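Visitor: Any chance you could fold what I've pasted below:
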Amino acid sequence: MSVTRSPAADASTGFDAHGIAPVPTAARDSTPWQQFWIWSGANIAPINWVLGALGVTLGLSVLETVAVVAIGNLVGCAVFGLFTLIGHRTGVNQMVLGRAPFGRRGAAVPGVVQCLLTMCWVGVNTWVVLDLVMAVLGQMGVHGGTWLKYAVAAVIMAVQLVIALYGFYAIRTFEKYTVPATVLIMAVMTVLALARTHVDWTAAPAAAPGAKITAVSQLLTAIGVGWGISWLPYSADYSRFVRPNVPGRAVFWSTALGMYVPTLWLAVLGACLAGGGAGSEPSTLVIDAFGAMALPVLLLVMHGPVATNILNLYSCSLAALSAGVRAARWKVTLVAGAVASAVLVVFIQAGSFAEAFDHWMVSILAWISPWASIVLVDFFVLRRGRLDVPSLYRDHDSPYGQVNRGALVSLALGLVAAWSWEYGMVPVFQGPLALAFGNTDFSWLSGALVAGGLHYLLAARRRAR
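Guide: Coordinates of the predicted model:
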């Protein structure tokens with residue numbers, strides 16, 4: 001794979017030298033189409049089949065699942081498109097942009113959280129690939145036991161690390177040449193799967209009164225609005241490389257559609273397969289739907305999780321640097337890969353991936369939606385879309401301050417509000433408002449409204465003083 005490099009690439013290592021400093025204009029050569037392929041590649045993955053299958057698992061019909069995912073992602077992906085505009089306008093990565101609302105050092109709090117979560121995401125996504133590989137090998141009669149499982153995991157992790165070490169330009173090149181082919185193969189797979197699966201679009205198990213509302217709210221939180229929201233902390237890390245003269249609307253549509261189209265497409269496919277009796281486990285969805293066809297398409301199916309993880313590893317290193325870690329970006333990436341490998345071991349032990357994934361999505365949204373609301377209100381409402389970029393990097397006398405206590409208080413209370421109205425599959429993630437309002441889950445909404453609204457009020461009061 002030939003890697004397109006910036007003139008600023010490190011000649012001694014060959015690794016992308018761009019850390020958290022603003023990307024120079026000469027190095028900003030990405031196009032809207034490249035952004036579309038980056039986000040499409042990250043979402044053409046077996047894990048998105050689980051998204052659709054989860055709706056059926058929760059007791060919804062295929063048609064109801066599709067409606068929730070389609071409508072919810074309209075909101076989530078639109079907000080994601082807005083966040084990419086911030087990176088495009090400033091040339092700055094997402095966690096450094098957080099210094100405007102949270103302060104120079106206060107932004108280290110969400111930076112550390114993002115760093116930890118991205119490492120965990122690598123473990124989650126690699127597990128999906130590992131599960132598929134082992135299932136196909138088993139179909140071929142290859143049974144190596146535990147040693148084979150961990151050997152395959154090590155190879156997959158190594159591939160992801162190599163691409164992430166080289167940074168944005170390697171990621172862009174990888175997606176540019178692999179995603180179009182993956183889209184074509186997935187289209188063929190979709191036709192074959194639906195041709196072999198009998199789908200009853202309206203059938204759903206009998207449920208107690210109010211159970212369907214609970215399922216809709218859970219699905220909306222975990223994989224409707226929530227799926228687009230879960231990518232917000234990554235958004236500016238890649239749009240900062242887009243050419244400055246590209247219209248903002250082109251950046252918005254290329255990134256929002258790059259997120260929306262594959263997410264909806266594969267969620268519909270997953271719902272149809274689960275509605276046809278294939279269950280919700282990734283390996284079951286593939287093997288039962290495609291049979292012998294699973295083997296020739298396996299490598300292309302693996303592309304999605306790998307494409308997702310290279311974004312996780314790259315953004316993890318940026319988040320760590322933004323939080324104050326003093327090390328070369330590629331060294332931080334290696335550490336992230338080691339931690340992600342440990343997380344992978346934990347997920348291998350999970351009994352039901354669908355339930356484990358729901359627990360994971362609900363828990364991370366509890367912090368992302370309040371954080372995102374504060375950043376959105378601060379940039380577009382309070383600052384009217386303008387930032388003093390050099391001041392984001394000043395250690396002293398920055399107009400954004402060292403620690404904005406009001407923003408951190410807003411984030412903390414937003415977390416409480418989100419937990420109060422979340423209804424996960426375990427008691428610790430079932431808040432009092434969720435229980436009081438018929439076991440519903442609107443944690444993303446309650447957290448965003450409280451955090452964003454409070455940040456606006458406190459900022460207005462501070463300015464008045």
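Visitor: wait, doesn't Val251 sit right on Gln34?
Guide: No: Val251 is beyond contact range of Gln34, at 11.1 Å (criterion: Cβ atoms under 8 Å). No exception for glycine: its C-beta is placed from N, CA and C like everyone else's.
Visitor: Please identify which of these two sits among more neighbours.
Guide: Val251 (23 against 20; other Cβ atoms under 10 Å).
Visitor: For the helix or strand harbouring Pro305, buried residues please.
Guide: Taking DSSP states H and E as the criterion, Pro305 maps to helix 298-322. Buried residues in helix 298-322, counted by 16 or more other Cβ atoms under 10 Å: 298, 300-322.
Visitor: centroid residue for the protein?
Guide: Closest to where the C-alpha atoms of the chain average out (Cα atoms, centre = their mean) is Trp231, at 3.6 Å.
Visitor: For that one, which residues are in contact?
Guide: Going by Cβ atoms under 8 Å, 6 or more residues apart in numbering, Trp231 touches Trp39, Ala42, Phe80, Met259.
Visitor: try 10 Å
Guide: 39, 42-43, 76-77, 79-80, 83-84, 255, 259, 263, 308, 311, 315, 368 (Cβ atoms under 10 Å, 6 or more residues apart in numbering).
Visitor: Quick check: the farthest pair among the residues you listed?
Guide: Within these, Val79 and Thr308 form the most distant pair, 19.3 Å apart (Cβ to Cβ).
Visitor: ok so, going back, any shared contact partners between Val251 and Gln34?
Guide: Joint contacts of Val251 and Gln34 (Cβ under 10 Å, 6+ apart) are Val242.
Visitor: Next, give phi and psi for Met59.
Guide: No, residue 59 isn't Met; it's Gly. phi 110, psi 10 (degrees, to the nearest 10).
Visitor: My guess is it contacts Thr214. True?
Guide: Yes: counting by Cβ atoms under 10 Å, Gly59 does reach Thr214; the two are 8.6 Å apart.
Visitor: I'd like the average pLDDT over stretch 401-411.
Guide: For stretch 401-411, mean pLDDT is 94.
Visitor: Return the distance of that stretch from the chain's centre.
Guide: Offset of stretch 401-411 from its chain centre (Cα atoms, centre = their mean, to the nearest Å): 25 Å.
Visitor: Can you give me the buried ones in it?
Guide: Going by neighbour count (16+ other Cβ under 10 Å), the buried part of stretch 401-411 is Gly401, Asn404, Gly406, Ala407, Leu408, Ser410, Leu411.
Visitor: who touches that stretch?
Guide: Here stretch 401-411 makes contact (Cβ under 10 Å, 6+ apart) with 98-110, 113, 367, 370-371, 373-375, 377-378, 395-396, 447, 450-459, 461-462.
Visitor: Buried among those residues? Make that a ChimeraX selection.
Guide: Of the contacts of stretch 401-411, the buried ones can be selected in ChimeraX as follows, counting by 16+ other Cβ under 10 Å:
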select :98,99,100,101,102,103,104,105,106,107,108,109,110,113,367,370,371,373,374,375,377,378,447,450,451,452,453,454,455,456,458,459
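Visitor: host element of Trp265?
Guide: Going by DSSP H and E, Trp265 is in helix 248-273.
Visitor: Can you read off the pLDDT for Met361?
Guide: Confidence at Met361, expressed as pLDDT, is 55.
Visitor: now stretch 446-455: mean pLDDT?
Guide: Rounded mean pLDDT across stretch 446-455 is 96.
Visitor: Likewise for stretch 121-132?
Guide: Mean predicted lDDT for stretch 121-132 stands at 77.
Visitor: same thing with stretch 35-55?
Guide: 84.
Visitor: Convert the C-alpha atoms of that stretch to CSV, please.
Guide: What follows is stretch 35-55, C-alpha atoms only, in CSV (Å, rounded to 0.1, in the frame of the first residue of the first chain):
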residue,chain,number,x,y,z
GLN,A,35,-13.9,11.9,4.4
PHE,A,36,-16.9,10.0,3.1
TRP,A,37,-14.8,6.8,2.6
ILE,A,38,-13.1,7.2,6.0
TRP,A,39,-16.4,7.2,7.8
SER,A,40,-18.1,4.7,5.6
GLY,A,41,-15.2,2.3,6.0
ALA,A,42,-15.5,2.6,9.8
ASN,A,43,-19.1,1.6,9.7
ILE,A,44,-19.2,-1.2,7.1
ALA,A,45,-18.5,-3.7,9.8
PRO,A,46,-20.2,-6.8,11.3
ILE,A,47,-20.7,-4.9,14.5
ASN,A,48,-23.3,-2.9,12.8
TRP,A,49,-25.2,-6.0,11.9
VAL,A,50,-25.4,-6.6,15.7
LEU,A,51,-27.0,-3.1,16.0
GLY,A,52,-30.0,-4.2,13.9
ALA,A,53,-30.1,-7.6,15.4
LEU,A,54,-30.3,-6.1,18.9
GLY,A,55,-33.7,-4.5,18.1
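Visitor: Contacts only, for Ser420.
Guide: Residues in contact with Ser420 (Cβ under 10 Å, 6+ apart) are Gly431, Pro432, Leu433, Ala434, Leu435, Ala436, Phe442, Ser443, Ser446, Gly447, Val450.
Visitor: Of the residues you listed, which is the nearest to Asn245?
Guide: Gly447 (36.7 Å).
Visitor: ok, and for stretch 213-227, which residues are buried?
Guide: 214-227.
Visitor: To clarify, my last question referred to stretch 173-190.
Guide: Buried, per 16+ other Cβ under 10 Å, within stretch 173-190: Thr173, Phe174, Glu175, Lys176, Thr178, Val179, Thr182, Val183, Ile185, Met186, Met189, Thr190.
Visitor: Mind telling me what element the last one is part of?
Guide: In this assignment (DSSP H and E), Thr190 forms part of helix 168-196.
Visitor: ok, which stretches of the stretch 1-150 of the chain are helices?
Guide: Residue ranges of the helices in the stretch 1-150 of the chain, as given by DSSP state H, counting those that start in this stretch, are 32-43, 46-57, 62-90, 94-97, 99-102, 108-139, 145-166.
Visitor: Which one of these lies nearest to Val23?
Guide: Closest of those to Val23 is helix 62-90, at 9.2 Å (criterion: Cβ to Cβ).
Visitor: the inter-axis angle of the closest one versus helix 32-43?
Guide: 140 degrees (axes from the mean of the first three to the mean of the last three Cα atoms, to 10 degrees).
Visitor: May I see the buried residues of helix 62-90?
Guide: In helix 62-90, counting by 16+ other Cβ under 10 Å, buried: 62-69, 72-77, 79-90.
Visitor: Off-centre distance for it?
Guide: Relative to its chain's centre, helix 62-90 lies at 12 Å (Cα atoms, centre = their mean).
Visitor: coming back round to it: can you redo the helices of the stretch 1-150 of the chain as a markdown table with distance to Leu334?
Guide: What follows is the helices of the stretch 1-150 of the chain, written out as a markdown table (distance: least, Cβ to Cβ, whole Å):
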| stretch | distance to Leu334 |
| --- | --- |
| helix 32-43 | 21 |
| helix 46-57 | 24 |
| helix 62-90 | 25 |
| helix 94-97 | 19 |
| helix 99-102 | 26 |
| helix 108-139 | 12 |
| helix 145-166 | 7 |
